[in-house]
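In: Give the three-dimensional model of this entry:
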Amino acid sequence: MSGLKDRLRRQIGDPRSKTPDPEPEAAPSEMLQRLRRLHRPSRPRPREEAPKERPYLVKPFRRTDVNRPVVEPPRIERTEVSRAGTACLHGVHRWPAEHLHGSIAIGDVLRVDGPAAVLLSGDADLADFDPTEALFFDLETTGLLGGSGNLAFLSGALEVHADGAATLHQFMLRDPTEEAAALTLFVELMERKRFLVSFNGKSFDRNVMADRFTMNRMDPDPILAMPHLDLLHPSRRLFAKALGGSSLSVLEEKRLGVHRHESEVRGAEVPERWFEFLRTGREQLLAPVLDHNAIDLVSLLTLAAHLVACVNAPGAKLPEPRALVAAARLLIERGEAERGEEVLRLLVRDNAADPVAYGAHGVLAEHLRRVGRHDEAVVLWRRMMRAAGAADLDPWVSAAIALEWRLGLPAEALELIEDLLDRLTATRFVPELPELHRRRDRLKRRVGGARRGDPAPSPRPGTAGCDVRARTAGIGG
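Out: The predicted structure is shown next:
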């Protein structure tokens, strides 16, 4: 009974109640201790103080080679601009036409006219291209993959003026909710232009912008329909083999004379810096990204000018023989066959044993075959045979076909195939051997029939039936 009274007194707070001593708590089990450690709340990280100045101002540029001055990024003032119910940062900077970016003046971009743009791209829609009516653009995004999750947090654009000066615009988001303002400002710039110029923009930047327009209920068709000069494709054709790569950084270093600071941000770091900026609010994290984007855009101007100079005067602007072969091939494909042939003739004067000269022989011979100048093509193929022997079957077969069917000389074609088979039999087996034997047997029957009194086959119209081994005029020696 006393126990019940004590419990009631404790419930009503009676001081006369006797509070029993607490029982000693049992030690927690090992499993319970592990669970407590796993679910222990983490301590909040202390917020880092943002430095007052940009890193490149704290750490000055170090020019280790006076002959390779580092290109410094512009100092851009940014203001907040409102559009579409939100606001973003807008940075503007203007360069005069005589400003040197690396070894090329910005104003040289005025030389990129319609014929040059068509020559570089093969796109007839660029026939009336004018750099003052073009928007040069480059994006910095949250990733390299496409899709709705890829946000362009920095949109950079350059416009060229009639005097050769250039104005840079950068639209930067401080938060994803500011995207509508940046897109609207970009559209306002684009509506004043008729062309787009980029580096890999046809495959990436343009499509990212179209996706972002769609996500913000804006029309993506204008940016997709606007004539677009993508400088990656002619750069790759001219320089990929000659320079070992065709990225913008390789072209800057080896062709444009642009040398960036050793602390230049890498492309892979750009998304990282954006996400870290969202977490911490440290604006200096994006300063190198803004600088990187600005230099990319100015390099886009000077690269366009340099590419035009290379195709207009390849002999003077392209010291690399491989680049000369690529330029000649490009000229021939774009309808400038005479100029392309002139470039190739400079190279075929060298010994065909040189790999680059050997390739030039092949390109020129194929061009001559296409235009019906088979006798000249055979001369080049014979040089290739002497240089490579049986290691390359193409010149042997191509010459045999031309001799038999285009020049009406099956006996010389048979002589070539028999010579080739002798070389192959003495060296190795190749998959083409059965076909070569069939070709030899057919030629023997044809030549044998002609020797028994059949009329000799006449050459095709527009060809000569003389011994082409004596025809060396106009081939370069």
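In: what's the average pLDDT for the longest helix that the chain contains?
Out: The longest helix of the chain (DSSP state H) is helix 287-312. Per-residue pLDDT over helix 287-312 has a mean of 97.
In: same deal with stretch 316-325?
Out: Stretch 316-325 shows a mean pLDDT of 95.
In: Off-centre distance for that stretch?
Out: With CA atoms, centre = their mean, to the nearest Å as the basis, stretch 316-325 stands 19 Å off its chain's centre.
In: Same question for stretch 350-369.
Out: The chain centroid and the centroid of stretch 350-369 are separated by 27 Å under CA atoms, centre = their mean.
In: Check which residues of it are buried.
Out: 350, 352, 356-369 (16 or more other CB atoms under 10 Å). Every residue, glycine included, has its C-beta placed from N, CA and C.
In: Extract the C-alpha trace of that stretch and format it as CSV.
Out: Only the C-alpha atoms of stretch 350-369 are listed here, as CSV (Å, rounded to 0.1, in the frame of the first residue of the first chain):
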residue,chain,number,x,y,z
ASP,A,350,60.6,16.1,-103.8
ASN,A,351,61.6,12.5,-103.6
ALA,A,352,58.5,10.3,-103.5
ALA,A,353,60.2,8.3,-100.8
ASP,A,354,59.4,11.1,-98.3
PRO,A,355,56.1,10.2,-96.6
VAL,A,356,54.6,13.6,-97.1
ALA,A,357,55.7,13.9,-100.8
TYR,A,358,54.4,10.3,-101.3
GLY,A,359,51.0,11.4,-100.0
ALA,A,360,51.0,14.4,-102.2
HIS,A,361,51.7,12.2,-105.2
GLY,A,362,48.6,10.1,-104.3
VAL,A,363,46.3,13.1,-103.9
LEU,A,364,47.5,14.7,-107.1
ALA,A,365,47.2,11.5,-109.1
GLU,A,366,43.7,10.9,-107.8
HIS,A,367,42.7,14.4,-108.8
LEU,A,368,44.2,14.0,-112.3
ARG,A,369,42.3,10.7,-112.7
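In: avg pLDDT for that stretch?
Out: Computed over stretch 350-369, the average pLDDT equals 94.
In: how close does residue 68 sit to residue 244?
Out: For residue 68, the distance to residue 244 equals 19 Å [CB to CB, to the nearest Å].
In: Next: residue 135.
Out: Taking CB to CB, one finds residue 135 at 31 Å from residue 244.
In: More neighbours: the two, which one.
Out: Applying other CB atoms under 10 Å to residue 135 and residue 244 shows that residue 135 carries more neighbours, namely 22 against 9.
In: for the more buried one, helix, strand, or coil?
Out: Under DSSP: H, G, I helix; E, B strand; the rest coil, residue 135 falls in the strand class.
In: was I right about it contacting residue 157?
Out: Yes - using CB atoms under 8 Å, residue 135 makes contact with residue 157 at a distance of 5.5 Å.
In: intersection of neighbour lists for these two?
Out: Counting by CB atoms under 8 Å, 6 or more residues apart in numbering, the common neighbours of residue 135 and residue 157 are residue 189.
In: Nearest residue to residue 322 in space, please, no chain neighbours.
Out: Distances taken as CB to CB, 6 or more residues apart in numbering place residue 242 nearest to residue 322, at 4.0 Å, with adjacent residues excluded.
In: now do residue 384
Out: Per CB to CB, 6+ apart, closest to residue 384 is residue 395, 4.0 Å.
In: Look up how far residue 197 lies from that neighbour.
Out: Distance from residue 395 to residue 197, counting by CB to CB: 41 Å.
In: neighbour count winner among these two?
Out: It is residue 197, of residue 395 and residue 197, that has more neighbours when counted by other CB under 10 Å, with 29 against 26.
In: So what does that one have for phi and psi?
Out: Note on residue 197: backbone dihedrals following degrees, to the nearest 10 are phi -130, psi 140.
In: So residue 131 sits against residue 108, correct?
Out: No - when contacts are counted by CB under 8 Å, residue 131 is not listed as touching residue 108 (10.0 Å).
In: pretty sure residue 127 contacts residue 116?
Out: No - counting by CB under 8 Å, residue 127 sits too far from residue 116 to count as a contact (10.7 Å).
In: ok, these two, which is more surrounded?
Out: Counted by other CB under 10 Å, residue 127 and residue 116 do not tie: residue 116 has more neighbours, with 20 against 12.
In: Now the more buried one. Nearest residue, chain neighbours left out?
Out: Distance criterion CB to CB, 6+ apart; nearest residue to residue 116, sequence neighbours excluded, is residue 308 at 4.4 Å.
In: for the longest helix of the chain, which positions count as buried?
Out: Neighbour count says helix 287-312 has 287-311 buried, by 16+ other CB under 10 Å.
In: cool, stretch 380-389 as well?
Out: Going by neighbour count (16+ other CB under 10 Å), the buried part of stretch 380-389 is 380-385, 387-388.
In: One more: stretch 163-180?
Out: Applying a neighbour-count criterion of 16+ other CB under 10 Å, one finds 164-166, 168-174, 178-180 buried in stretch 163-180.
In: quick one: which of those residues is nearest residue 210?
Out: residue 179 (14.0 Å; CB to CB).
In: From the rest of the structure, what touches the helix or strand hosting residue 356?
Out: Assigned by DSSP states H and E, residue 356 belongs to helix 355-370. For helix 355-370, contacts defined as CB under 8 Å, 6+ apart pick out 321-322, 324-325, 328-329, 332, 337, 340-341, 344-345, 347-348, 350-352, 374, 376-377, 380-381, 383-384, 387-388, 394-395, 398, 402.
In: Report all helices and strands that the one helix or strand residue 441 maps to contacts.
Out: Take DSSP H and E as the rule and residue 441 turns out to sit in helix 433-451. If contacts are counted by 3 or more CB pairs under 8 Å, 6 or more residues apart in numbering; DSSP states H and E, helix 433-451 sits against helix 394-401, helix 410-427.
In: So what's the model's average confidence on the longest one?
Out: The reference is to helix 410-427. Helix 410-427 comes out with an average pLDDT of 91.
In: other SSEs contacting that helix?
Out: helix 394-401, helix 433-451.
In: Low-confidence ranges, the stretch 1-150 of the chain, go.
Out: Residues of the stretch 1-150 of the chain that meet the criterion pLDDT under 70 lie in 1-5, 7-29, 31-67, 144-147.
In: any chance you could map the helices in it?
Out: Residue ranges of the helices in the stretch 1-150 of the chain, as given by DSSP state H, counting those that start in this stretch, are 2-11, 30-38, 55-58, 114-121.
In: May I have the distance across stretch 99-110, first residue to last?
Out: 14 Å (CA to CA, to the nearest Å).
In: Now do the buried residues in it.
Out: Of all the residues in stretch 99-110, those buried under the rule 16+ other CB under 10 Å are 99, 101-102, 104-110.
In: can you list contacts of that stretch?
Out: 71, 95-98, 131-132, 160, 163-166, 252, 256-259, 298-299, 301-302, 304-306, 309.
In: Please repeat the previous calculation with a cut-off of 6 Å.
Out: Here stretch 99-110 makes contact (CB atoms under 6 Å, 6 or more residues apart in numbering) with 95, 97-98, 131, 160, 164, 166, 256-258, 298, 301-302, 304-305.
In: Of all residues in this structure, which one is nearest the centre?
Out: Of all residues in the chain, the one closest to the mean position by CA atoms, centre = their mean is residue 232, 3.9 Å from it.
In: Return the distance of the nearest residue to that residue once chain neighbours are set aside relative to residue 267.
Out: Once flanking residues are discounted, residue 232 sits nearest to residue 200: 4.4 Å by CB to CB, 6+ apart. Per CB to CB, residue 200 is found 11 Å from residue 267.
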